[in-house]
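Engineer: need a 3D model of the sequence below.
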Amino acid sequence: MCLSAVVAGCAGPAGPAQPKPVQAGTGATPAAGAPAADRAAGRPPAAAPLPGLARQEEESSREAAARQEAVSRAALETAQRWGLERPPLKAPPRPATRVALAPAQGVKMKDGRPPVVFRVPTEDKVVFLTVDDGYEKDPQFSKMAEELGVPISAFVSDYLARDNYGYFRDLHHQGVEINNHTINHRNLKILDYETQRGEICNQQDQLEQQIGTRPRLFRPPYGEYNDDTLRAAGSCGVQAVPLWNEEAFPDHMEWRYDDRKLHPGDIILTHFRGTDIWKATMPDLLRKVLNDVTAAGFALGRLDDYL
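Structural biologist: Sure thing, here's the model as predicted:
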């Protein structure tokens, strides 16, 4: 009787239908969108990206590109306004620590003395513009440097700056370090130790009073120095004595080395001069330097960030 019931299909109410296992090689079709690896591991299929999120990312990318284009366009317009052939190259980020100096070509060191540096040891494709004395105080020069973001280090003599230290305070506020170039711009090499110390240390005091910071860097006038110079400079807080590799003028560059090329870490010297001496303005000078440096594939960096 039971057998008859089974055959007749009346063996009682049927339970829930059970899924049939899919056997390999049967050609069974997987559920739509479920990767085979997920199905084999019993994982649910991954959710598809939200269309709204994709649109937001695309819009954000377009906005970033538009901002970058606007920055580049503004840089080009500023460069053209100042008569440059193209915008200056952007300097590498400021080093986290200043370079460690060791005796090498371009660096002279002696125990107990601040190092003398002609070329900063760096692999960055960067050179440094330094401006000496303080005779010409051209507001257009400082405006041009600020608008173009040109980093400069100044080395100031008191006898030329004292009639308008405000000009150098303004430069300092826009990021120019004001460093020591002595009180009276004398050839230190022919002076005794105490006289040299007065020239250097009195200018340290004067610049601290006038600018608000005590200089770390010192450059001897004419590049002339001896051991007494370095000893005197070290006694009043000087940490390095940068000299130079090239000297810039409004119409040419003078080179220390025969290859007549810029090298990473080179220091360029120029001066606060005007039309009565150069027959050109300081913006003319800066334009020449920037065009030459950029054409050579270099950026200008701030010397005080490296030394």
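Engineer: in this structure, what residue spans correspond to strands?
Structural biologist: 107-108, 116-117, 126-133, 153-156, 177-180, 241-242, 246-248, 253-255, 267-271, 299-301 (DSSP state E).
Engineer: who's in contact with T213?
Structural biologist: T213 makes contact with 172, 177-178, 207, according to CB atoms under 8 Å, 6 or more residues apart in numbering. Just so you know, the C-beta spots here come from the backbone N, C-alpha and C atoms, and that holds for glycine as well.
Engineer: revised request: answer the last question for S235.
Structural biologist: S235 sits next to 197, 201 when contact means CB under 8 Å, 6+ apart.
Engineer: follow-up on the earlier one: now render the strands of the chain as TSV, adding mean pLDDT.
Structural biologist: Listed next are those as TSV, based on pLDDT from 0 to 100:
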stretch	mean pLDDT
strand 107-108	95
strand 116-117	98
strand 126-133	98
strand 153-156	98
strand 177-180	97
strand 241-242	98
strand 246-248	97
strand 253-255	95
strand 267-271	98
strand 299-301	96
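Engineer: looking at the ones you listed, which is nearest to A54?
Structural biologist: Of all these, strand 299-301 sits nearest to A54, with 37.9 Å by CB to CB.
Engineer: and that closest one, how far out from the chain middle?
Structural biologist: 7 Å (CA atoms, centre = their mean, to the nearest Å).
Engineer: other SSEs contacting that strand?
Structural biologist: Applying 3 or more CB pairs under 8 Å, 6 or more residues apart in numbering; DSSP states H and E, one finds that strand 299-301 makes contact with strand 126-133, helix 282-295.
Engineer: mind listing the helices for the chain?
Structural biologist: 2-8, 36-41, 51-81, 139-148, 158-161, 165-173, 193-211, 227-235, 275-278, 282-295, 303-306 (DSSP state H).
Engineer: so which of the helices and strands packed on strand 299-301 is the most packed in?
Structural biologist: Using mean count of other CB atoms under 10 Å, the stretch among those with the largest mean neighbour count is strand 126-133, at a mean of 24.
Engineer: give me the contact list for that one.
Structural biologist: For strand 126-133, contacts defined as CB under 8 Å, 6+ apart pick out 91-92, 120, 150-157, 160, 181, 185, 219, 242, 244, 248, 262-273, 289, 293, 298-303, 306.
Engineer: try it again with 7 Å
Structural biologist: 91-92, 120, 152-155, 157, 160, 181, 185, 219, 242, 244, 262, 264, 266-272, 289, 293, 298-301, 303 (CB atoms under 7 Å, 6 or more residues apart in numbering).
Engineer: tell me which strands that strand pairs with, and in which orientation.
Structural biologist: Counting by DSSP bridges, the strands paired with strand 126-133 are strand 153-156 (parallel), strand 267-271 (parallel), strand 299-301 (parallel).
Engineer: so how far is that strand from its chain's centroid?
Structural biologist: That offset, for strand 126-133, works out to 15 Å (CA atoms, centre = their mean).
Engineer: swap in stretch 79-96?
Structural biologist: 10 Å.
Engineer: give me the nearest residue to F128, chain neighbours excluded.
Structural biologist: L303 (4.0 Å; CB to CB, 6 or more residues apart in numbering).
Engineer: what sits against that neighbour?
Structural biologist: By CB under 7 Å, 6+ apart, the neighbours of L303 are 128, 130, 153, 242, 267.
Engineer: before we move on, back to that, hmm, which of the contacts of strand 126-133 are the buried ones?
Structural biologist: Neighbour counting over the contacts of strand 126-133 (16 or more other CB atoms under 10 Å) leaves 91, 120, 152-155, 157, 160, 181, 185, 219, 242, 244, 262, 266-272, 289, 293, 298-301, 303 as the buried ones.
Engineer: so where is this structure shaky, pLDDT-wise?
Structural biologist: For the chain, residues meeting the criterion pLDDT under 70 lie at 1-51, 68.
Engineer: many thanks, have a good one.
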